[in-house]
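# Build me a structure from this.
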Amino acid sequence: MKHLLATAALSALVALPMTAQAAPVAYKLDPAHTAVVFIVDHLGFAKAMGRFNTVAGELSFDKNAADKSSLSVTIDTTSVDTNHAKRDEHLKSPDFFNAKEFPKMTFKSTKIEKTGDKTGKLHGDLTLLGVTKPVVLDVSFNKDGVSPASKMDTVGFSARGTIKRSDFGMKYGVPNIGDDIQIIIESEAVKA
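The predicted structure follows:
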C-alpha cells in the first residue's frame with residue numbers, strides 16, 4: 001500500500017507543469033546601433049532635430065516577464081549633435097544643457113508596464129541639469145536572437161515620448177523654441 005501511495009504521489013508530481021523561473025538576462029547597449037534623437041519646434045517654421053552621439057547603458061531583460069526587466073542609461077551631453085557646429089556649442093552652454101557643469105544625463109527605469117504582445121510603457125527617472133523627473137516612454141520590442149552581423153545575442157527596441165524641457169530648468173527661448181521635446185530612441189543591446 002505504501003509503495004502504491006508513493007507511486008501515485010510521484011506520478012501526480014510529474015504530471016504537474018514545471019515552470020522554471022528564468023532570470024533576466026544582462027545586456028549592454030550597442031553604441032553603434034543606438035540612437036537617441038530629439039525634435040523641437042523652432043519658431044514655428046520647422047522642427048529642429050538633434051542627437052547624442054555618446055550613449056551607454058545596461059539592460060536586464062526578461063522576455064517572458066517584462067515587469068522584471070530594468071534599464072539604466074547614461075548620455076554624454078557634450079556629444080549633442082545637430083549637424084551645425086555653432087548651434088551645438090550654444091546647446092552645450094548654460095542656456096541649454098550646461099554640459100560643462102552637467103556632462104551627463106541619466107535615465108533609470110522604475111517600472112515596465114506591458115500593454116500588448118510587443119509593446120509597453122517604460123517608466124523611469126530622467127536626470128537632466130541636476131533635476132530628476134519621472135518620464136514615461138512608449139516602447140516596442142522589435143526582435144531578439146543572434147545577430148547575423150555580430151554573431152552575438154541581441155535584442156532590439158524602439159521608444160517614443162515627450163518631455164517638457166522647462167520641467168528640468170531649461171527655459172531659454174521658450175515659447176519661441178519649443179518647450180515640448182519629442183524623443184525617439186532606437187536601440188540594440190548585446191548580451192553582456
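
# Could you give the bridge partners of the most centrally placed residue in the chain?
In the chain, the residue lying closest to the centroid (Cα atoms, centre = their mean) is L71, at 6.3 Å. L71 has these beta-bridge partners by DSSP bridges: L59.

# Report the contact partners of it.
L71 makes contact with 57-60, 107-109, 122, 124, according to Cβ atoms under 8 Å, 6 or more residues apart in numbering. All C-beta atoms are positioned from the backbone trio N, CA, C, and that covers glycine.

# residue ranges of the strands in the chain, please?
25-42, 46-52, 55-61, 70-76, 80-81, 104-114, 119-128, 131-146, 153-164, 180-191 (DSSP state E).

# wait, which of the ones you listed is closest to N98?
strand 119-128 (9.7 Å; Cβ to Cβ).

# buried stuff in stretch 85-96?
Residues of stretch 85-96 classed as buried by neighbour count (16 or more other Cβ atoms under 10 Å): 88, 91-92, 96.

# Same question for stretch 162-177.
Here stretch 162-177 shows 163, 165, 168, 170, 177 as buried, counting by 16+ other Cβ under 10 Å.

# from the chain's centre, how far out does that stretch sit?
21 Å (Cα atoms, centre = their mean, to the nearest Å).

# Count the neighbours of Y27 for me.
24 (other Cβ atoms under 10 Å).
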